[in-house]
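Chemist: Okay, sequence plus prediction incoming.
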Amino acid sequence: MSSTELSATTRSTKQLLPVAELDSISFERLRVRANHGVYEHEREEGQDFFIDATVWTDTRAAAQSDDIDDTVHYGRLMRAIHASAEGEPVDLLETLAERLARVALSFRGAQAVRITIHKPEAPVPLDFADVSVSILRFQREMREDAAAEQGTNAEAAAS
């Protein structure tokens, strides 16, 4: 078998193997009353939002030690997400989701996060059950964004 054929065989075999995935910690439908939205009445009256989050992490150390400090503490995570979602109003769910992703990724051991924000009372005059925005962010992306932002700030300060 030629090296090209062997390489193709190896690639096809590898594609059949399951992709390794980290452990995850999730919560669903965390209710937050907040004043996010584009329209004035949304800002004044507020409405319920529901947040789902999945944080990918490695739980082996926690499993070994049986110590809550060795994992992403879901109670603390939920409280931090809730407090941030109640905070300063924004126009877009996308902006809020990005804020919440940063909160989740600030937890030690968090390597990736999916945030979904549901807005069942969205001001659309149609019969629907829910509107949602979902984002997936990785710890390395947040570090790269922060480094780029610091570089931009340093350039602005120097000029």
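Modeler: Noted; the coordinates are in hand.
Chemist: Strands of the chain, residue ranges please.
Modeler: Under the criterion DSSP state E, the chain contains strands at 23-34, 47-57, 112-118, 132-138.
Chemist: What average pLDDT does the second one get?
Modeler: Meaning strand 47-57. For strand 47-57, the mean pLDDT works out to 97.
Chemist: If you count neighbours, what's buried in that strand?
Modeler: 47, 49, 50, 51, 52, 53, 54, 55, 56, 57 (16 or more other Cβ atoms under 10 Å). Using the backbone N, CA and C atoms, a C-beta is placed for each residue, glycine as well.
Chemist: Now the two most distant members of those residues.
Modeler: Greatest spacing in these, by Cβ to Cβ: 47 and 57 (31.5 Å).
Chemist: just to revisit the earlier point, will you turn the buried residues of strand 47-57 into a markdown table that also has distance to residue 71?
Modeler: Listed next are the buried residues of strand 47-57 as a markdown table, based on distance: Cβ to Cβ, whole Å:
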| residue | distance to residue 71 |
| --- | --- |
| 47 | 33 |
| 49 | 26 |
| 50 | 24 |
| 51 | 20 |
| 52 | 19 |
| 53 | 15 |
| 54 | 14 |
| 55 | 10 |
| 56 | 12 |
| 57 | 7 |
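Chemist: can you list the weak-confidence ranges in this protein?
Modeler: 1-19, 142-144, 146-159 (pLDDT under 70).
Chemist: Could you rerun that using 50?
Modeler: 3-11, 13 (pLDDT under 50).
Chemist: before we move on, back to that, tell me which of the strands of the chain lies nearest to residue 104.
Modeler: strand 112-118 (4.2 Å).
Chemist: distance between that closest one and the chain's centre?
Modeler: Centre-to-centre, strand 112-118 and its host chain are 4 Å apart (Cα atoms, centre = their mean, to the nearest Å).
Chemist: which residues in this structure form helices?
Modeler: With DSSP state H as the definition, the chain shows helices at residue ranges 3-16, 40-45, 60-65, 74-86, 93-105, 139-158.
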